[in-house]
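J.: Let me see the structure of the following:
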Amino acid sequence: MKLLRSKFTLVTSLIILTVYLSGCNSAMQAYKDGQKKFSNGEYDLAIKGFQKAASENYEPTQTNYLIAESYRLSNRFKESIPYYKKALEGGVTNPDAQFQYAYALKTDGQYAEASNQFAAFAKSATSPPNLQDRAMREVEILKIADRLKAQKMEVELKDIPLNTAGSEFSPAILGKELVFSSSKKEKIYKNNGQAMLGLYKITIAEDPGNTQGTPVLLSNDIFDADANEGSPAFSPDGKTLVFARGNTGKKNSAADVDLYLSRNVNGQWTVPAILPINDSLAWDGSPAFSRDGKTLYFASNRAGGAGGIDLYRTNMDASGRFSKPVNMGRDINTAGDEMFPYVAEGGKLYFASDGHPGLGKLDLFSATRSQGIISIENLGLPFNSPQDDFGLVFYETNKKGFFSSNRDGGKGDDDIYYFASPEEPDSSEVARNNYPNSPLNPNNPNFINGKPKVVRYFLAGTVVTNTQNPIPVDSAIVHILPDTSDTQIAQLPTNSEGKFGKQPVEEGKSYVLLVERKGYISRREPFSMDGRSIPPIFLTKELTDTTFNVMLKVDRLELNKTFVLENIYYDLNKYNIRTDAAIELDKLVQILKDNPSMKIELSSHTDARATDAYNMTLSQNRAESAVEYLNTKGIDADRMVARGYGERELIVPNAKTEEEHQRNRRTEFTILSY
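T.: Model (predicted):
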């Protein structure tokens, strides 16, 4: 009997162990499948795999974090909140987890808790510095959330009947038709589990807020069953269409969004052609035409911007050729995302942003330029909510139109809303305290006690030695120049603590600071006011003074002192000046012009992947090439000596990677006399 009982117990244990191991393997496989889908951008499928792993408590902290990230990256911030919370409680080590949790809380209108999380993130020593800056700004923005909610426009808002349980967004006007993006295709987009997007149209009702019916495809020639198509923009004459297409669901498709152009010929839209202004490594989308049709605005996260997605503009000539895209500057673009531009009659720019002070994710803003200064204004309620609000267009007049939002209370994911403002008020109404634009309205962010808010900006700073332990430099002279000429604006000396200032500076202007001091190398530093303007809603006084402090580092002027020129790199076995090298050599040109008595040796070094004799010849050619370039920029040849050192002074001995070899292929300059 004992033997039977022992055998029974053993068999039972083996069954339990087998079931347990089977469950573990199942959870592990689900987790791995989720990881694969996550890396492919198939976030909706990734969530299903991770949730199965989480239900069996497999790697719970990282699994919850990845579920939260999957929801965030498919623009479902609200759904990510409980998973970020569990991941943080489990001790997740991903450095941006708390920031994204705080942002998700903000999009859900949980402002107090969002502020607490942003503040804690900003204080953490392990937080990435760029996100720390954004977190501190968000803390300040959340302090004024009540004031932002108090900015309410006198506008009637209506969720129009054509909206469905799917997505309808990015409305555009073509005559009496509303053209928009909608998730109506047969293929499912693995990013968010919705049908893929296409361009559809419907006739606008006599009462635009009652527009309904069955939308039809804009054109069979503008239809790709395997891709998303969205954000249509029409030229003023209605004959040119620019739209975004991409996100095919293929691996690494995050940047797979480009702008396409189609023309209306004899009532038919031509097969779309990809535009040359696209960046193959970037996301390019949400286009808009200027009122004269000569400028195309669009959004892109290409390299060199202010942060996330920025607004750009490009000019079109009569032949349909485009100029090189230009970033619209730091007054408009922030470290966050700026998207969905729209230019109204009169040239006023509207756009969506999550970087300017707002109520949640994307808010609607307007930008106006007056005397060279750009002012940004949050449109307030009811246009904005804690969720995404974007894609505004006017219809017939600047008093009514459409925009998109995924706010609570809609029919689906993104919905299209119709808005209409009351008729233009008479002069007696404008004077009323409760009229939104009245200077006497206490909720008007641009005025206080009926008077416009004014900010005076100043520049000050410190000059120190460019050493590991900086020392203040007294008796230096800081020349402040406009960035367009050498006409001096001010000349400020440093005191015994190396401090100088204060000098008034203007919004929207850029400057150059030239530092001179006997015994030191004169040098220049740029200073721009782009993006530094304080939004009026932050101001609590009629007159506010604010000072920007900069630190300028200077090097002692010493014989035989050597400086490495950053980014002066050469391609393997070549000595021509690359474009990136020319930018850095231009800085040396300016140093030599600011220090006219200085003579230098310009030395070049190779990596060790050829014979010593070959490398000596190559490095000498490279040094001479750099000297010749400086000579063409106005530097006398007798002030420079070219010398090649081949592979004899390697920075990285025994270099293995291409990056290490490139560090060895460098250019330096050494002071010979002054």
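
J.: which ones are touching the residue most central in space within the chain?
T.: Geometric centre of the chain, nearest residue: residue 308, 1.8 Å, by C-alpha atoms, centre = their mean. Neighbouring residues of residue 308 by C-beta atoms under 8 Å, 6 or more residues apart in numbering: 301, 335-337, 355. Using the backbone N, CA and C atoms, a C-beta is placed for each residue, glycine as well.

J.: want to throw the residues you listed into JSON lines with secondary structure?
T.: JSON lines is the format used below for the contacts of residue 308 (DSSP: H, G, I helix; E, B strand; the rest coil):
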{"residue": "301", "secondary structure": "coil"}
{"residue": "335", "secondary structure": "coil"}
{"residue": "336", "secondary structure": "coil"}
{"residue": "337", "secondary structure": "coil"}
{"residue": "355", "secondary structure": "coil"}
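
J.: Among the residues you listed, show me the least confident.
T.: Ranked by pLDDT, those bottom out at residue 335 (84).

J.: Might one say that it is in contact with residue 355?
T.: Yes: here residue 335 lies in contact with residue 355, judged by C-beta atoms under 8 Å, at a distance of 5.8 Å.

J.: More neighbours: which of those two?
T.: residue 355 (25 against 17; other C-beta atoms under 10 Å).

J.: which residues sit in contact with the more buried one?
T.: Counted by C-beta under 8 Å, 6+ apart, residue 355 has contacts 307-308, 333-338.

J.: can you tell me how far it sits from residue 529?
T.: 17 Å (C-beta to C-beta, to the nearest Å).

J.: Overlap in contacts, residue 335 and residue 355.
T.: Residues touching both residue 335 and residue 355 (C-beta under 8 Å, 6+ apart) are 307-308.

J.: hang on, the earlier thing: between the contacts of residue 355, which has the most around it?
T.: residue 338 (28 neighbours).

J.: For that residue, give me phi and psi.
T.: phi -120, psi 130 (degrees, to the nearest 10).

J.: Pull the number of nearby residues for residue 491.
T.: By other C-beta under 10 Å, 13 other residues sit near residue 491.

J.: With adjacent residues omitted, what lies nearest to it?
T.: Leaving aside its chain neighbours, residue 491 sits nearest to residue 479 (5.5 Å; criterion: C-beta to C-beta, 6 or more residues apart in numbering).

J.: how about that neighbour, what does it touch?
T.: 488, 490-491, 513-516.

J.: thought residue 568 was touching residue 625?
T.: No: in this structure residue 568 lies outside contact range of residue 625 using C-beta under 8 Å: 10.6 Å.

J.: When the two are compared, which one has more neighbours?
T.: residue 568 (24 against 19).

J.: SS state for the more buried one?
T.: coil.

J.: pLDDT value on the residue nearest to it when sequence neighbours are not counted, please?
T.: Leaving aside its chain neighbours, residue 568 sits nearest to residue 667 (3.9 Å; criterion: C-beta to C-beta, 6+ apart). Predicted confidence (pLDDT) for residue 667: 82.

J.: Distance check, residue 667 against residue 403.
T.: In terms of C-beta to C-beta, residue 667 sits 53 Å off from residue 403.

J.: those strands in the stretch 501-650 of the chain, which residues are they?
T.: With DSSP state E, counting those that start in this stretch as the criterion, the stretch 501-650 of the chain has strands at 510-516, 523-528, 543-554, 562-565, 599-604, 640-644.
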